[in-house]
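Visitor: Build me a model from this:
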Amino acid sequence: MSAPLFEIRDLHVAVEGKEVLKGVNLVVRRGEVHAIMGRNGTGKTTLSYTLMGHPKYQVLSGSILLDGEDITNLKPEERAKKRLFLAFQYPVAIPGVSVASFLRASMKSVRAGEIEPSKFRSLIKEELKHLSIPEAFMTRSLNEGFSGGEKKRLETLQLRLLQPKMAVLDETDSGLDIDALRIVSENLQSFRNTDRGMLVITHYQRMLNYIKPDVVHVFGSGRVLESGGPELALKLEERGYDWVEGA
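Guide: Below is the predicted model of the structure:
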């Protein structure tokens, strides 16, 4: 049997000397979408940054594997080239760097040799249409003055262009109105296939109405407290987190 697409093994992580993640275990197989739900302050964003290799987050023990390869000690750019992708909850602005320049540089770095540079423009234009983003968007500075919806559409555009094996979405639904949520979620849903995986971190059921998870995990006290099918998200929506021991 082949190795899982993505695996987190007994992951313990500290931030500024304080242990935040306390033994996270999670396995995502090819084609699966997993959702992580939990209260604020339980370690969900710490998990997402750790998975992408942010230097602020110190791995005390445990490991992260992508396609059977241990990537725990790789730099963020090396993980990206291995086709791991993180959509940030709060994407940062980079004044002076246009969206077009950023996307071309990202594609050249991650998909070098896979796509001819001469085809970057046509590919980007095609994906802009999918997300209902005007072409004028490309000349703006990256995330500068962007609304919450525009930032999240740009993150989704990056994902579709970079074609990761494994995508981690950290509260992508945050700051989206109803229409933006639908457009972003439907494009994420259409990105699914039998070779890729997604880990969707969210507070609410609403995004999961579009992106149907195979597995839902309840996160609390720096670890996975409970796992189940899509019905678990509905139970959380109805009853909150108090019923989960230790949440």
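Visitor: Quick check: end-to-end length of stretch 206-224?
Guide: With CA to CA, to the nearest Å as the measure, stretch 206-224 spans 21 Å from end to end.
Visitor: Then stretch 221-233?
Guide: Per CA to CA, the first residue of stretch 221-233 is 18 Å away from its last.
Visitor: Give me the buried positions along it.
Guide: Within stretch 221-233, the residues scored as buried using 16 or more other CB atoms under 10 Å are 221-226, 230, 232-233. (Glycine included, C-beta is placed from N, CA and C.)
Visitor: Now do residue 149, the pLDDT please.
Guide: Among the per-residue scores, residue 149 shows a pLDDT of 84.
Visitor: Skip the chain neighbours and tell me the closest residue to it.
Guide: Distances taken as CB to CB, 6 or more residues apart in numbering place residue 180 nearest to residue 149, at 3.6 Å, with adjacent residues excluded.
Visitor: Next: residue 171.
Guide: Here the nearest residue to residue 171 in space, its sequence neighbours aside, is residue 89; by CB to CB, 6+ apart that works out to 4.3 Å.
Visitor: In terms of helices and strands, where is the one you found?
Guide: Under the criterion DSSP states H and E, no helix or strand holds residue 89.
Visitor: what ranges do the helices span in the protein?
Guide: Using DSSP state H, the helices of the chain run over 44-52, 76-81, 99-110, 120-130, 148-162, 178-191, 231-239.
Visitor: Looking at those helices, spot the one closest to residue 32.
Guide: Across the helices of the chain, residue 32 has its closest neighbour in helix 178-191 (13.3 Å, CB to CB).
Visitor: got the contact list for residue 133?
Guide: By CB atoms under 8 Å, 6 or more residues apart in numbering, the contact list for residue 133 reads 153-154, 157.
Visitor: got CSV for the residues you listed, with pLDDT and distance to residue 78 too?
Guide: Output for the contacts of residue 133, formatted as CSV (pLDDT from 0 to 100; distance: CB to CB, whole Å):
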residue, pLDDT, distance to residue 78
153, 87, 27
154, 91, 23
157, 92, 23
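Visitor: From those, pick the one nearest residue 17.
Guide: Distance to residue 17 across those (CB to CB) is lowest for residue 154, with 34.5 Å.
Visitor: right, and that closest one touches residue 92 too?
Guide: No. In this structure, residue 154 is not within contact of residue 92 by CB atoms under 8 Å, at 11.7 Å.
Visitor: What separation do you get for whatever residue is furthest in space from the centre of the chain and residue 161?
Guide: Taking CA atoms, centre = their mean, the residue of the chain most remote from its mean C-alpha position is residue 118, at 28.4 Å. Here the criterion is CB to CB, to the nearest Å. By it, residue 118 lies 15 Å from residue 161.
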